[in-house]
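**Student:** Here is the input, now give the coordinates:
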Amino acid sequence: MAVTIQYLVVRNGIEKMTFTNKKEADAYDRLLDLAEHLDEVLERAPISLNETDREALALFLAENQDLLSGPKKQPAKKGAKPVSKTADDTDLNIDDEQDVNASSDDQIHAVA
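**Tutor:** Numbers count the residues shown, from 1 in each chain. This is a model prediction of the structure:
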């Protein structure tokens, strides 16, 4: 008989996803933390969204966080003249790193 270890991501007592790799389970848990934070931000937004749409939008934004930081800069080619920035050019940096403190309801369980 083979023993398989599974990692369950549980949020508010509800099993969200099962993984065979702890790293993937942790990454998914962090994604859900970010989605929860975004949901709280969207709740205070000047537009009205029902709870289901707001949660779906928050999860979509969390899943696509790399796109929110804007287009990636291309490496400069040799001999290329540097372009000067005007007053209208700004760089927006979004800090992906979140201080993740799991609450007692958010757990990852290892199941053998």
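
**Student:** what comes up buried for stretch 47-56?
**Tutor:** Arg54, Glu55 (16 or more other C-beta atoms under 10 Å). Yep, even glycine has a C-beta here, placed from its N, CA and C like the rest.

**Student:** can you check stretch 56-71 too?
**Tutor:** Leu57, Ala58, Leu59, Leu61, Ala62.

**Student:** any chance of these in CSV, plus pLDDT?
**Tutor:** Output for the buried residues of stretch 56-71, formatted as CSV (pLDDT from 0 to 100):
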residue, pLDDT
Leu57, 95
Ala58, 94
Leu59, 93
Leu61, 94
Ala62, 94
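
**Student:** Could you dump the residues you listed into a markdown table with distance to Arg44 and secondary structure added?
**Tutor:** Conversion of these to a markdown table gives the following (distance: C-beta to C-beta, whole Å; DSSP: H, G, I helix; E, B strand; the rest coil):
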| residue | distance to Arg44 | secondary structure |
| --- | --- | --- |
| Leu57 | 14 | helix |
| Ala58 | 12 | helix |
| Leu59 | 18 | helix |
| Leu61 | 15 | helix |
| Ala62 | 17 | helix |
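
**Student:** now, which of those sits nearest Arg11?
**Tutor:** Nearest to Arg11 out of those is Leu59 (C-beta to C-beta; 11.8 Å).

**Student:** What separation is there between the nearest residue to that closest one once chain neighbours are set aside and Met17?
**Tutor:** Take Leu59 and drop its neighbours on the chain: the residue closest to it by C-beta to C-beta, 6 or more residues apart in numbering is Ala35, 4.5 Å away. As judged by C-beta to C-beta, to the nearest Å, Ala35 and Met17 stand 13 Å apart.

**Student:** More neighbours: these two, which one.
**Tutor:** Ala35 (21 against 16; other C-beta atoms under 10 Å).

**Student:** sec struct for that one, please.
**Tutor:** helix (DSSP: H, G, I helix; E, B strand; the rest coil).

**Student:** ok, now which ones touch it?
**Tutor:** Counting by C-beta atoms under 8 Å, 6 or more residues apart in numbering, Ala35 makes contact with Glu55, Ala58, Leu59, Leu61, Ala62, Glu63.
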